[in-house]
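Novice: Take a look and give me a structure for this.
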Amino acid sequence: MTEVKVKPLFTEAENALAAYKEQVKKLDEQERELNAELATIEAEMTANVFAQENATVSESVYLKIQAKELVQRNEIIEVLLEELAEERSELKLKFVPVLREALGRTPYHEYNATEIVERYRYMMLTEIADIGSQMREQFREISPDIQEVFQDQKVKERYPRLAYAYDDGHYSPSFSWMTKSVVSKDEVFSACKGWLPQGLKAPQEEGEKQ
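Specialist: Predicted coordinates:
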């Protein structure tokens, strides 16, 4: 069976995502800078606390002023990070219609599973019917001679069911299938999503069966 290669479907969506990610990079850079500043402030606040433990009165006044400034800077950065988070959400909201429109133009409908099922159903049934027809024809060629023997009165007396046991319907391709259908709708729907039925096995080649 020829392997099917699905053409790129999401080109427009990928372009939209590339534009989105380009703007996300700018927000990421701002967030890195703010977090770096936050880490610096936290380190300075820790140093300030330790410095106050052994500070003189005048030094303590200066350190408390410095501590207050650090707290204010810390609060400002926290606000900026919150605003940045809001910008991320706004950016996503901005790109929702863009992505929806791009996804709506995805040509996925060009691949029709119904046509594939119908094609292989036709191939399967016509191949089976061709084999069955040839087998019936071969039996019909010898059937008159077979019936001459089986329809003999004395043969029928000895073997009363023999005359009805062998006809062209008796010789046909063997078929053993436990389920109601060869392929169910659910299995086709699963395959459309890329999932194979549990327990599915590849058929053996003729050489492997021997």
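
Novice: from here on, contacts and neighbour counts on C-alpha atoms
Specialist: OK.

Novice: From the chain's centroid, how far away is stretch 4-24?
Specialist: From the chain centre to the centre of stretch 4-24 is a distance of 17 Å (C-alpha atoms, centre = their mean, to the nearest Å).

Novice: So for it, what gets flagged as buried?
Specialist: By neighbour count on 16 or more other C-alpha atoms under 10 Å, the buried set for stretch 4-24 is 10, 12-13, 16-17, 20, 24.

Novice: closest to Asp130 among these?
Specialist: Phe10 (43.2 Å; C-alpha to C-alpha).

Novice: Show me the shaky parts of the protein.
Specialist: Along the chain, the parts satisfying pLDDT under 70 run over 1-2, 205-210.

Novice: How are the helices of it distributed by residue range?
Specialist: 11-53, 57-104, 113-150, 153-158, 162-165, 185-192, 206-209 (DSSP state H).

Novice: May I see the buried residues of the third one?
Specialist: Buried residues in helix 113-150, defined by neighbour count with 16+ other C-alpha under 10 Å: 132, 135-136, 139, 143, 150.

Novice: circling back: columns distance to Gln198 on top of the helices of the chain, output as TSV?
Specialist: Output for the helices of the chain, formatted as TSV (distance: least, C-alpha to C-alpha, whole Å):
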stretch	distance to Gln198
helix 11-53	33
helix 57-104	31
helix 113-150	19
helix 153-158	51
helix 162-165	40
helix 185-192	10
helix 206-209	23
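
Novice: closest one to Gly199 among those helices?
Specialist: When these are compared (using C-alpha to C-alpha), the closest one is helix 185-192, at 11.8 Å.

Novice: Done for today, thanks.
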